[in-house]
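Need coordinates for the following:
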Amino acid sequence: MERMTHNKASRPPIIALYQPDIPQNTASIIRTCSCFGLKVEIIEPCGFSLEDKRFKRVVMDYYNKKMIKNYMSWSSFINFKTKRNHRVLLLTTKSRKSFLKFKFKSGDTLLFGRESAGAPKEVHTQVNDRLTIPIKKNKRSLNLSSSVSMVVCESLRQIKLI
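Below is the predicted model of the structure:
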């Protein structure tokens, strides 16, 4: 297996989860991010405890508190990102702009909504851009963990971190 190489000039994306509510998905996302050396930001309220046995079963020994940052609310998250001029990209089924045709940049924050409800209108209006994963018209959405994996790999490829 090839090792991931890091381009010193580029910063990896950050994965942000808006009020996640399925522990197994969050655990799988953390596991994926651990394998690629990415940070995960959780926007509260989270729909479960990180002590949940379903979470622990999937995350196994990939969980490291240093890779996780929690925000107590959407406003604290977006204020932090705005003050630092960080670009926040929302992945949503309510966009026609494919992530495959989008130009990712170093240090982007890739934001994913709740599994059960996506992201509210307030979130849609405050992000820098909204992207979608193109799927067949008669299907609702992919699993959140699968979506994160796909977008992470494309972002890392574009900014030459893999």
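
CA only for contacts and neighbour counts going forward, please
OK.

By neighbour count, which bits of the worst-scoring helix or strand of the chain on mean pLDDT are buried? Give me those.
Confidence across the helices and strands of the chain bottoms out at helix 53-59, with a mean of 91, counting by mean pLDDT, DSSP states H and E. Across helix 53-59, burial judged by 16 or more other C-alpha atoms under 10 Å covers 54-56, 58-59.

number of nearby residues for residue 18?
Residues contacting residue 18 under the criterion other C-alpha atoms under 10 Å number 25.

looking at the sheet around it, what are its partners?
Here residue 18 sits in beta bridges with residue 43, as judged by DSSP bridges.

Dihedrals phi and psi, residue 89?
Main-chain torsions, residue 89, degrees, to the nearest 10: phi -120, psi 120.

for it, what are its contacts?
108-111, 127-131 (C-alpha atoms under 8 Å, 6 or more residues apart in numbering).

same thing with residue 43?
16-20, 70-74, 77.

among those, which two are most distant?
Maximum pairwise distance in those, criterion C-alpha to C-alpha, is 14.5 Å, between 20 and 77.

next structured bit after the least confident helix or strand of the chain?
strand 68-71 (DSSP states H and E).

Of residue 20 and residue 77, which one has the most company?
The neighbour comparison of residue 20 against residue 77 (other C-alpha under 10 Å) goes to residue 20, with 24 against 18.

Is the more buried one in contact with residue 113, as I believe?
Yes. Taking contacts as C-alpha atoms under 8 Å, residue 20 lies within contact range of residue 113: 7.2 Å.

quick one on the thing from earlier: residues in contact with the least confident helix or strand of the chain?
Contacts to helix 53-59, defined as C-alpha under 8 Å, 6+ apart, come from residues 23-24, 26-28, 30-31, 50.

Could you list which of these belong to helices?
Counted as lying in helices by DSSP state H, out of the contacts of helix 53-59, are 23-24, 26-28, 30-31.

I'd like those as JSON lines, with pLDDT, distance to residue 10 and neighbour count appended.
JSON lines is the format used below for those (pLDDT from 0 to 100; distance: C-alpha to C-alpha, whole Å; neighbours: other C-alpha atoms under 10 Å):
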{"residue": "23", "pLDDT": "96", "distance to residue 10": "31", "neighbour count": "23"}
{"residue": "24", "pLDDT": "96", "distance to residue 10": "30", "neighbour count": "18"}
{"residue": "26", "pLDDT": "96", "distance to residue 10": "26", "neighbour count": "24"}
{"residue": "27", "pLDDT": "95", "distance to residue 10": "26", "neighbour count": "22"}
{"residue": "28", "pLDDT": "96", "distance to residue 10": "25", "neighbour count": "23"}
{"residue": "30", "pLDDT": "95", "distance to residue 10": "21", "neighbour count": "26"}
{"residue": "31", "pLDDT": "96", "distance to residue 10": "22", "neighbour count": "21"}
